[in-house]
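# Turn this into a model:
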Amino acid sequence: MPVFTHVTVGTNNLAKARAFYDATLKEIGLKRVADLADTGSIWGVDKPSFFVLNPANGSAATIGNGVTVSFEAPNRAAVHAFHTTALANGGVCEGLPGPRGWADNAYAAYARDLDGNKLAVYCFKAE
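Numbering: from 1, shown residues only. Got it, this is the predicted structure:
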């Protein structure tokens, strides 16, 4: 049974966020599955799982210190492609692709999106 129904991050520029996430999430097999008019968009594989929204309270979107949204990659090449694409689309490197010692076969990369939200992508398959 899944633990989460979805994860949401905020944005201050929905058009730029849509372009960033369309390109970056495509690298790990996710696509935009819905637009919520001018308030947000949703990505997933076959159902909604990742939301990017303008804050409902009308205040500016801000990042959470210590918060990371981590996606599962189908393989290590996808980890590299996600990271490369994030940076090519204006993201900032927060950790180069490579092994992570906390779990067997953990291979990951980290980047921040255009609003500063910290993203990770992990593959747990052997090389």
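# helices or strands next to the longest strand seen in the chain in the packing?
Longest strand in the chain by number of residues (criterion: DSSP state E): strand 92-99. In terms of contacts (3 or more CB pairs under 8 Å, 6 or more residues apart in numbering; DSSP states H and E), strand 92-99 is packed against helix 76-88, strand 107-112, strand 118-123. Every C-beta, even on glycine, is put in place using the N, C-alpha and C of the backbone.
# gap between the second one and the chain center?
The chain centroid and the centroid of strand 107-112 are separated by 10 Å, computed with CA atoms, centre = their mean, to the nearest Å.
# contacting residues around that strand?
Contacts of strand 107-112 with the rest of the structure, by CB atoms under 8 Å, 6 or more residues apart in numbering, involve 63, 68, 70, 76, 79-80, 82-83, 86-87, 91-100, 118-125, 127.
# make it 6 Å
76, 79, 83, 86, 91-95, 97, 99-100, 118-123 (CB atoms under 6 Å, 6 or more residues apart in numbering).
# Check these for burial and list the buried ones.
With burial judged by 16 or more other CB atoms under 10 Å, the buried subset of the contacts of strand 107-112 is 76, 79, 83, 86, 91, 97, 118, 119, 120, 121, 122, 123.
# in its sheet, what does the longest strand of the chain sit against?
Using DSSP bridges, strand 92-99 pairs in its sheet with strand 107-112 (antiparallel).
# so who does residue 82 touch?
Counting by CB under 6 Å, 6+ apart, residue 82 makes contact with 27, 28, 121.
# shouldn't the last one be in contact with residue 80?
No - with contacts counted by CB atoms under 6 Å, residue 121 stays clear of residue 80, the gap being 9.3 Å.
# Let me know how buried the nearest residue to residue 118 once chain neighbours are set aside is, in neighbour terms.
In space, and not counting its chain neighbours, residue 118 is closest to residue 68: 4.5 Å by CB to CB, 6 or more residues apart in numbering. Residue 68: 12 surrounding residues under other CB atoms under 10 Å.
# Residue 68 and residue 55, how far apart?
Using CB to CB, to the nearest Å, we find residue 68 at a distance of 19 Å from residue 55.
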